[in-house]
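Colleague: Quick one, what's the 3D model for this:
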Amino acid sequence: MNKKLFIHVGPPKTGTSVIQFWLNTHSQWLKNQGVYYPQHELDSNSVSSGHRALFLERLSQTTRTRFNHAKFQQLLTEFNETDCSSLLLSSEFFFYQIPEFLKYKDQYDIQLIAYVRADLELIESLYNQSVKRNGQTMPLPHRNQLPKSYLDELIDFVSIYSDRTFSLRAYGDSTVFNTDIITDLLSCLDLEPPTGYGPQSEKINSSYSFECLEFKRWVNKFCLGDLDHRIDQCLQGFKSNTRAYSLLPANTYQCYQEQSLKKIKALQTLAPIENYESLINYVKAKSRASYIHQELYPEHLVKVGEYLLATDKSLLSELVNHIGSKKLANSDVEYFDLLQQLLVTNKMPEQKKSWLSKLMRKMGK
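Modeller: Just a heads-up that it's a prediction; the model follows:
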C-alpha cells in the first residue's frame, strides 16, 4: 500500500498560523498516530512559514519560490524510514507548488488540503497582511469587481487536476467548522483530537488594529529595511478596541458579498467543499463591521507611539532616527515631530497635547 502525503497548502489568511502552531507542538502525538509532521521554527509571536524552508528556495528579487526536488526526495527518504503511514506538510507557499507535488502521485497517495474563505473577508485580511509584511503604502482600493484571488486560482487547479486530489474545507467561524479548525484538519487524517483537547480560540498572526495598520502604512513609505520585521513583531502585541472594523464602504461591501458567493458556488460545482452549506449561510449572514476611513489620525499615532515607547524604546529611537534621515513631505513633518517629542520626553508633552487638539479640530475629528 502506498504511503500517503497530506499537503496543506493554505492558502494565506485561512488559519495556517494556528494550524502550524498546533501541529508543530503536537508532532510527537501525531507521530504516535502514524503521521509524520517534521518540526519547523516559530517566531516570538508563534508565527511560521511552516515547512517552506525544507525544500523551497526563494527566487532572488521576488516573493516566489522554486521547488527543490532533490531536497524533497531527501525528506521522502526520511519519511519512508519511519513507521508512519502518512506525511503531513503545511505551508502557504505550497499553494503555487501544487503541480510540483502532483509529480509524485504515482508513488504516493496525495491529498491536497485547502481552505475556502470568502473573498469578502479575504480581501481585507490580505490587504492588512500587505501592510504588515509587504511594505504597502496605498489605501485599500474600492472596486466594482473583486480582484482575482486564491479562489480563482483554486478553481483553475481543480479544473486541471482531479477533484479527488483535493480536500476542500470551508473556512469561517465556529458555525462553519462545527468545532474548530484543528478538529476539522485532523478529520482529513481520520484522527480525533487528543484527550483533553479544547477548541482553539487564540488567534495567531491576527490582523492589525486600525491604529497599527495606519501607523505601519505611514512608516512603510520610509523603506524600513531591517526595522520592518522588528516593528511588525512589536505591533503584533498592541491591544486595541478597534480590531473589528471595515475599510469597505457599504455599497462596495454588498457588491463583494454577492460576488464572493458566486465564486464559492462555482468552486462547489467542480469539487465538494466540506461544510459548504454552512459556509454559504455564513457569508450571506455576514454584516459589515464599523467602517473607518483610512488615514493616520493623530490620536492613533499617539497611541502607537506611546506603546512603542513603553514596549521597546530603542526600537522607537531607531525608527525616529531612520525617518529623520529621510526627506520628509510637509504632511509627514508634524507626525514625525510628535514621535520625536514622545521619545525625548517619555510622554506626550503639554504643548503637543495642545497641537494635537488643534490638529484634530482642523481635521474635523
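Colleague: CA only for contacts and neighbour counts going forward, please
Modeller: Will do.
Colleague: Which stretches in the stretch 201-350 of the chain count as strands?
Modeller: The residue ranges that make up the strands of the stretch 201-350 of the chain, judged by DSSP state E, counting those that start in this stretch, are 273-274.
Colleague: where are the low-confidence patches of it?
Modeller: In the prediction, the stretch 201-350 of the chain carries residues with pLDDT under 70 at positions 201-205, 243, 347-350.
Colleague: give me that answer again for 90
Modeller: Low-confidence regions of the stretch 201-350 of the chain, defined here as pLDDT under 90, cover residues 201-207, 236-237, 239-244, 298-299, 302, 331, 334, 338, 341-350.
Colleague: the helices in it, which residues?
Modeller: Along the stretch 201-350 of the chain, the stretches classed as helices by DSSP state H, counting those that start in this stretch are 210-219, 227-235, 250-268, 276-285, 298-311, 313-324, 330-345, 350-362.
Colleague: list the buried ones in the fourth one?
Modeller: Right, the one you point to is helix 276-285. Tyr276, Ser278, Leu279, Ile280, Tyr282, Val283 (16 or more other C-alpha atoms under 10 Å).
Colleague: Columns distance to Gly225 on top of these, output as CSV?
Modeller: CSV is the format used below for the buried residues of helix 276-285 (distance: C-alpha to C-alpha, whole Å):
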residue, distance to Gly225
Tyr276, 43
Ser278, 43
Leu279, 40
Ile280, 42
Tyr282, 40
Val283, 39
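Colleague: Okay, domains of this structure per the record?
Modeller: The chain breaks down into these domains under automatic domain parsing: 4-117+147-188, 210-242+297-362.
Colleague: Centre of the chain to the first one, how far?
Modeller: A distance of 15 Å separates the C-alpha centroid of domain 4-117+147-188 from that of its chain, computed with C-alpha atoms, centre = their mean, to the nearest Å.
Colleague: Between the two ends of it, what distance do you get?
Modeller: With C-alpha to C-alpha, to the nearest Å as the measure, the first residue of domain 4-117+147-188 is 12 Å from its last.
Colleague: Now do that domain, average pLDDT.
Modeller: pLDDT averaged over domain 4-117+147-188 equals 93, rounded to a whole number.
Colleague: still on that earlier bit, any chance of the domains of the chain in TSV, plus distance to Tyr127 and mean neighbour count?
Modeller: Supplementary listing: the domains of the chain in TSV, determined by distance: least, C-alpha to C-alpha, whole Å; neighbours: other C-alpha atoms under 10 Å:
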stretch	distance to Tyr127	mean neighbour count
domain 4-117+147-188	10	17
domain 210-242+297-362	10	16
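Colleague: Have a look at the chain and report its longest strand.
Modeller: Scanning the chain for the longest strand, with DSSP state E as the assignment, gives strand 109-116.
Colleague: tell me which strands and helices that one is in contact with?
Modeller: Helices and strands touching strand 109-116, as assessed by 3 or more C-alpha pairs under 8 Å, 6 or more residues apart in numbering; DSSP states H and E, comprise strand 4-8, strand 166-170.
Colleague: which stretch among the ones you listed comes nearest Gln136?
Modeller: Evaluated with C-alpha to C-alpha, those place strand 4-8 nearest to Gln136, the distance being 27.4 Å.
Colleague: Brilliant, that's me finished.
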